[in-house]
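> missing the sequence, but the structure's below:
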């Protein structure tokens, strides 16, 4: 049985499968480790169950690295795709990334890569042109499955920092969902308010896009292609000046 | 065997069947009752009439518990590799006793669900009927039926196996990684 010695030898596909495991859903941590070894060694789980118990105990020690996150800088070029960075994200790209990051970003690593790795070319004026965000994400994801997870995991760490900073700058535009409060202590009126707020949160991206499109849904596609920072600056201005 | 009043009471490991040994363990570890009552229940289970147990002077009772606990037979650590039962041969291992991950998982689950009733189950997982396939051996119904059959065997046979598994389980707990992937 061949096991990787570190994250360096783990593919994005294995990484996602591993990180998609919910420890709580296993009968015991022992079963979790059996599943992890099956994924990392690309071995049928029944073959892992047939192993000698002492052998498994040794293998569990070998995969101790899975308790830490990979920690390497982003590989900026993968095949013919280039990492576009986060400073020039468009609104649509940011919304998709937010979706992946708020729904177990580990398990969405290939989706995240598909958003931030693009083809590039130079136009007749020697300007760098980045492939528009119009390709099939499902197809693009396949390109990252065999890539080493250490090549791309740095994106997650970069994005988390970027997001923290972004949320701080535009704090007035992001409200925490009200459902975190303990409902038992609230009056009926307060509960009704929370219900309304939750409803608004449910539609928050649609609401934001609708405002940015000047309440013209035919312009929403254009908004999705707008630079994120510019769009949020405009939104901030509209909010502050109550325009 | 010891005398408690005029009654012969089993107290040595080689006198108990696996089922009796499990019951002794269950009674002595019953956290729902006080320690004194656990010993009283044990003597009743082993054949001393209830009225005789509860009529004992307290000091007399304590003395009998001491007599009962003073066992002479040292449990063997020799593995009995093969068992003949009802015309079938069951074998645990050839040269060295090894336990697979699957077997450990089954035993661990039983230990955790029935902490005082797992020895016959453990034996039924480790001993395989020679004429059956692997799939048949691990079938739930077969294991249960065999555990029932093995419960009438001498507890002495099971002690080395229970010790072996106990050590493996405690080693695993000691080696378990402290961090868990979220």
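Cool, the structure landed. Quick caveat: nothing in here was measured; it's all calculated off a predicted structure.

> Only C-alpha atoms from now on, for both contacts and neighbour counts.
Noted.

> Pull the contacting residues for residue B:151.
B:17-19, B:120 (C-alpha atoms under 8 Å, 6 or more residues apart in numbering or on different chains).

> mind listing what's buried in the lowest-mean-pLDDT helix or strand in chain B?
In chain B, the helix or strand scored least confidently by mean pLDDT, DSSP states H and E is helix B:155-175, which has a mean of 85. If you call a residue buried by 16 or more other C-alpha atoms under 10 Å in any protein chain shown, then helix B:155-175 has these buried ones: B:155-162, B:164-165, B:168.

> Counting by contacts, list what it packs against.
helix B:18-28, helix B:119-126 (3 or more C-alpha pairs under 8 Å, 6 or more residues apart in numbering or on different chains; DSSP states H and E).

> Not counting its own residues, what contacts that helix?
With C-alpha under 8 Å, 6+ apart as the criterion, helix B:155-175 contacts A:57, B:13-19, B:21, B:75-80, B:108, B:119-120, B:122-123.

> Could you check how many residues crowd around residue A:61?
As a burial measure, residue A:61 scores 12 neighbours (other C-alpha atoms under 10 Å in any protein chain shown).

> That one in helix, strand or coil?
With DSSP: H, G, I helix; E, B strand; the rest coil as the basis, residue A:61 sits in helix.

> I'd like the distance between it and chain B.
Counting by C-alpha to the nearest C-alpha, to the nearest Å, the gap from residue A:61 to chain B is 8 Å.

> could you pull out the strands for chain A?
Counting by DSSP state E, the segments of chain A that form strands are A:77-78, A:81-83, A:117-118, A:120-122, A:128-130.

> Just give the nearest non-adjacent residue to residue B:41, would you?
In this structure, residue B:41 finds its nearest non-sequential neighbour in residue B:27, 6.9 Å apart by C-alpha to C-alpha, 6 or more residues apart in numbering or on different chains.

> can you list the domains in chain B?
The record's domain parsing of chain B by automatic domain parsing lists B:2-69, B:82-175.

> among those domains, which gets the worst mean confidence?
Here the lowest mean pLDDT among those goes to domain B:82-175, at a mean of 90.

> surely residue B:46 meets residue B:7?
No. Contact criterion C-alpha atoms under 8 Å: residue B:46 and residue B:7 do not qualify, at 9.5 Å.

> So if I had to pick from those two, which one is more boxed in?
Set residue B:46 next to residue B:7 and count neighbours by other C-alpha under 10 Å: residue B:46 wins out with 17 against 13.

> where does that one sit relative to residue B:3, distance-wise?
Residue B:46 sits 11 Å away from residue B:3, going by C-alpha to C-alpha, to the nearest Å.

> what do you get for residue B:64?
Residue B:64 is 9 Å from residue B:3, by C-alpha to C-alpha.

> Among these two, which residue is more densely surrounded?
residue B:64 (19 against 14).

> Residue 133: neighbour count?
Chain wasn't specified; assuming chain A. 16.

> Let me rephrase: I mean chain B.
10.

> if we can go back for a sec, turn the domains of chain B into TSV, including distance to residue A:104.
Below are the domains of chain B laid out as TSV (distance: least, C-alpha to C-alpha, whole Å):
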stretch	distance to residue A:104
domain B:2-69	43
domain B:82-175	29
